[in-house]
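Visitor: Sequence and predicted structure below; questions after.
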Amino acid sequence: MTDRLPHEKGFHVSWDQLHRDARALAWRLQGQGPGEDGAWKAVVAITRGGMAPAMIIARELDIRMVDTISVKSYHHQTQSEPQVIKSPNADLVGDGEGVLVIDDLVDTGKTLEVVRKHMPKAHVATVYAKPMGKPQVNSYITEVSQDTWIFFPWDMALQYVKPYTGKDD
Ligand SMILES: O=P(O)(O)OC[C@H]1O[C@H](OP(=O)(O)OP(=O)(O)O)[C@H](O)[C@@H]1O
Ligand SMILES: O=c1[nH]c(=O)c2nc[nH]c2[nH]1
Ligand SMILES: [Mg+2]
C-alpha cells in the first residue's frame, strides 16, 4: 500500500488564500445580479465545500438570504453518480433567477450539472475550476489543470516534513 495520491500535482490552498480568492470572486459578482443596482436575491452554497466561500461572498455582498443544496459525489478521490441529498427552499430560490450558487471548485462538472437542473436560471460561481468543468460555471477565479488535486484548508493540518536531503537528524 502507498500513501501517494493518484494525481500528479497538488494545489494547496491556505485559509488566507481561500479568503482572498473568495473575496476576488465577490468583487467580480458585485452589481451583476438582476435586481435593483445589480443586487442578488440569495446565495445557495453547495455543501460542504461551497459553504466557506459562500459565507465570505454573502458577507461581502451583504446578502442575508443563504440556503444550501447538498450533493454527494465523492468518497475521498473516487467519484460516483452525484445525488441531491438536500434541496434549498423552493419558495426562496424558484427557478434560480437572481440566485448565486457557490461552490469551492468545479472538476468534472457533474455536481453542477445536477444543481443546474434544480435552478436553471441561477448564476453558478466557483472559486477554482478545472478545464472539464468550466462550461458549467458562469464565473470563477483560478483555473488549475485537470490532473491537479486541490487541497483545501479544512482537509489539511500543519505537520513536520523532512528536508529535501532526507536527512533530518
Ligand atoms: O465537478 P465535480 O467533478 O462534480 O466535483 C466538484 C465537487 O466535488 C467536491 O465536493 P464533494 O462531492 O467531494 O463533497 P464536499 O463538498 O462535501 O467535500 C467539490 O466540493 C465540488 O462540490
Ligand atoms: O478537495 C478536493 N479537491 C479536488 O481537486 C476535487 N475535485 C473534485 N472534488 C475535489 N475535492
Ligand atoms: Mg462539494
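Guide: Structure received. Ligands and ions are numbered 1, 2, ... in the order given.
Visitor: switch to C-alpha atoms for all contacts and neighbour counts from now on
Guide: Noted.
Visitor: What is the neighbour count of the residue lying closest to Met51 once chain neighbours are set aside?
Guide: Spatial nearest neighbour of Met51, excluding adjacent residues (C-alpha to C-alpha, 6 or more residues apart in numbering): Ala45 at 5.3 Å. Counted by other C-alpha atoms under 10 Å, the residues lying close to Ala45 total 26.
Visitor: Low-confidence ranges, the protein, go.
Guide: Under the criterion pLDDT under 70, the flagged ranges of the chain are 1-8, 75-77.
Visitor: which one's the longest helix in it?
Guide: helix 15-29 (DSSP state H).
Visitor: The helix or strand that it is followed by pairs with which strands?
Guide: Next helix or strand after helix 15-29 toward the C-terminus (DSSP states H and E): strand 42-47. Strand 42-47 sits in its sheet next to strand 66-75 (parallel), strand 99-106 (parallel), going by DSSP bridges.
Visitor: so which of the ones you listed comes closest to Lys167?
Guide: Nearest of those to Lys167, taken as C-alpha to C-alpha: strand 66-75 at 35.4 Å.
Visitor: which other residues reach the closest one?
Guide: Contact with strand 66-75 is made by 42-48, 58, 79-89, 111, 115, as judged by C-alpha atoms under 8 Å, 6 or more residues apart in numbering.
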